[in-house]
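Novice: can you look at this prediction? I've put the sequence above it.
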Amino acid sequence: MLHRLGIKPSRKAQHSEPSQESPGGAKPGGDVMGVEMINSLFADEKTAIQTLSGNFDRLANSMDRIAKGPAFAKGKLNRIAELGGGSGILGMWFVTNRLCEFCEIFDHAKNPLIIGEKWAGTLSLNGVRFSHKSYAELSSGDSQDFDFVVAEHAVSLSYLPEYTESLEDSDVEPETPVFLRYKELAGAFSRLLQPTGVGLIGSGGPTPVALSLLCAALRERQLAIDWTMSSTEHGLQLYIRPGGVVVLDSTEDEALAILSDVVPSREVSAHESRSLEKIFREGTKYFEVYSEADHIIYRCSIFQLAGLACLFRKNSVGDEGAKLFSAGKMHLWATEALRDARKRSLTSSFIDERLNSIIDDE
C-alpha cells in the first residue's frame, strides 16, 4: 500500500511522523509538535510523501507488529479507531488488508487528514473515515463502540523533569502540561472503547516519569493495563482495557515493571536467592503453593517489589533457587509454577485475586 501511494524508504532525512505529539522530544512539559508543525509537514501531497518516506521503516514495522499482535488473535475486527493517526496510513492498511470492517482516523491537525482522505479515494477504500478532533475533544465527547483503539507513536513518552543537584528526581507537578495531555489521551480511549474493547499505546523508548504519569492518567479513567497482551519486545506495546483488573498497587510500580520487561528474566543462584528473598518479603506476596511427592515438600512463592518480581523455589531436602523478572510477567511464571506443582500432590495454595484473574489455570 505504501508503494502504491509513492511512499518509499528514504533515509536521507528522518522525520518525526506527524501525530498529536511527536515521539521524539524530551522538553519538560512541552508540546513538542503542535498543529502548525504537523500541518507544515503535510502542506501538500509531495511534502507528505517526503515526510512519510522518512518514516517508512517504522510504519512498515508498526503494520507488521500490530497485525501479528494479540488484538487480532481471533481474526477480523469490526470497528477500529486510530488516535493521532495523521494521514491514516495505518488505518487504511487495516482496511486494505481486511483486518477490520471500518476504521476512523482522528487527528488535531487538518492537513494530514485532507491528504489521507484523498489517498483513501485513490485506493478506493470505503471503510475509512477521517475526523478532525483532538484528544481533549474526544475525551469530553459522546461514548462510542470501537473494538480496538490504537495510538501508535501518537503521544510522547520521553518526558523528563528537571533534576536537583543531587541527581534525585524532583517532584513532578500533578498538572504539568504533559500529564494533562496523557489525561486527554486516556479520556479519548475511555470514550471510544466499547466495554469489551482493547486499546494499544505504542511508542519508542519511554522514561520512568512519563510512564508513571501515563499509568496515573489511565487509572483516572478506569483503564487497566492488560499484562497478558503488553510487551516491550519491539518498543513499547501497552495494551489497556476499560474496567480491567489493576494488578500492581501503584502507578510507579507499573511504570517500573514496563521498563523492567526490556531485560530478560534470569535464574538466580541459591546463595543469591536467600538475600533476594529477604528483600522481596518486604514487598507483596502474590503467589505461594506447597506440593509433596515421595515425602519431599516443595514450596514455590512469588513476591513483587517495585517493578520486579521474583519466584522462589525451595524443598525439604535443601534444594533452592530463584528467578528474577519484570512484575508485569508474574502471570506467566505463576502459571508455570502452578502446572509444575500439580505434577505432584498439591497440598495448599495462595494466589492473590488480582493475579489469579489473569493466569492461565487450565
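Specialist: Cool, the structure landed. Note that this is a predicted model, so its numbers are computed, not measured.

Novice: how about the strands in the stretch 251-362 of the chain?
Specialist: 266-268, 284-293, 296-305, 308-315, 320-326, 345-351 (DSSP state E, counting those that start in this stretch).

Novice: for residue 34, give its distance to residue 108.
Specialist: Distance check for residue 34 against residue 108: by Cβ to Cβ, to the nearest Å, it reads 9 Å. Heads up, the C-betas are built off the backbone N, CA and C, glycines and all.

Novice: before we move on, back to that, closest one to residue 148 among the strands of the stretch 251-362 of the chain?
Specialist: Minimum separation from residue 148 across the strands of the stretch 251-362 of the chain (Cβ to Cβ) falls at strand 320-326, 24.6 Å.

Novice: and for that closest one, what's in contact with it?
Specialist: Applying Cβ atoms under 8 Å, 6 or more residues apart in numbering, the external contacts of strand 320-326 come out as 257-258, 260-261, 263, 265-270, 272-274, 276-277, 307-314, 333.

Novice: possible to save the strands of the stretch 251-362 of the chain as TSV with mean neighbour count?
Specialist: What follows is the strands of the stretch 251-362 of the chain, written out as TSV (neighbours: other Cβ atoms under 10 Å):
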stretch	mean neighbour count
strand 266-268	13
strand 284-293	19
strand 296-305	20
strand 308-315	22
strand 320-326	20
strand 345-351	13
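
Novice: out of these, flag the one nearest residue 238.
Specialist: Using Cβ to Cβ as the criterion, the shortest distance between residue 238 and those is 13.1 Å, found for strand 320-326.

Novice: dump the C-alpha coordinates for that closest one into PDB.
Specialist: Below are the C-alpha coordinates for strand 320-326, written out as PDB (Å, rounded to 0.1, in the frame of the first residue of the first chain):
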ATOM      1  CA  GLU A 320      16.600 -23.900  46.300                       C
ATOM      2  CA  GLY A 321      16.800 -21.200  43.700                       C
ATOM      3  CA  ALA A 322      15.000 -18.200  42.200                       C
ATOM      4  CA  LYS A 323      14.100 -16.500  39.000                       C
ATOM      5  CA  LEU A 324      14.000 -12.700  38.700                       C
ATOM      6  CA  PHE A 325      11.800 -11.000  36.200                       C
ATOM      7  CA  SER A 326       9.500  -8.000  35.400                       C
END
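
Novice: give me the average confidence score over that strand.
Specialist: Taken as a whole, strand 320-326 carries a mean pLDDT of 97.

Novice: what of stretch 260-274?
Specialist: Mean predicted confidence for stretch 260-274 is 92.

Novice: just the CA trace of it, in PDB.
Specialist: Coordinates of the C-alpha atoms in stretch 260-274 are reproduced here as PDB (Å, rounded to 0.1, in the frame of the first residue of the first chain):
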ATOM      1  CA  SER A 260      12.000  -3.900  33.600                       C
ATOM      2  CA  ASP A 261      10.300  -6.000  30.900                       C
ATOM      3  CA  VAL A 262      13.100  -5.000  28.500                       C
ATOM      4  CA  VAL A 263      15.600  -7.200  30.400                       C
ATOM      5  CA  PRO A 264      15.200 -10.900  30.100                       C
ATOM      6  CA  SER A 265      14.300 -13.000  33.200                       C
ATOM      7  CA  ARG A 266      17.300 -14.600  34.800                       C
ATOM      8  CA  GLU A 267      18.000 -17.600  37.100                       C
ATOM      9  CA  VAL A 268      19.400 -16.700  40.500                       C
ATOM     10  CA  SER A 269      21.800 -19.000  42.400                       C
ATOM     11  CA  ALA A 270      20.800 -20.500  45.800                       C
ATOM     12  CA  HIS A 271      23.200 -18.200  47.600                       C
ATOM     13  CA  GLU A 272      21.900 -15.000  45.900                       C
ATOM     14  CA  SER A 273      18.200 -16.200  46.300                       C
ATOM     15  CA  ARG A 274      18.500 -16.100  50.100                       C
END
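
Novice: go through that stretch and flag the buried ones.
Specialist: For stretch 260-274, the buried set under the neighbour-count rule, 16 or more other Cβ atoms under 10 Å, comprises 260-261, 265, 268, 273.

Novice: now for these, which pair is the farthest apart?
Specialist: The most widely separated members of the buried residues of stretch 260-274 are 261 and 273, with 21.3 Å between them, by Cβ to Cβ.
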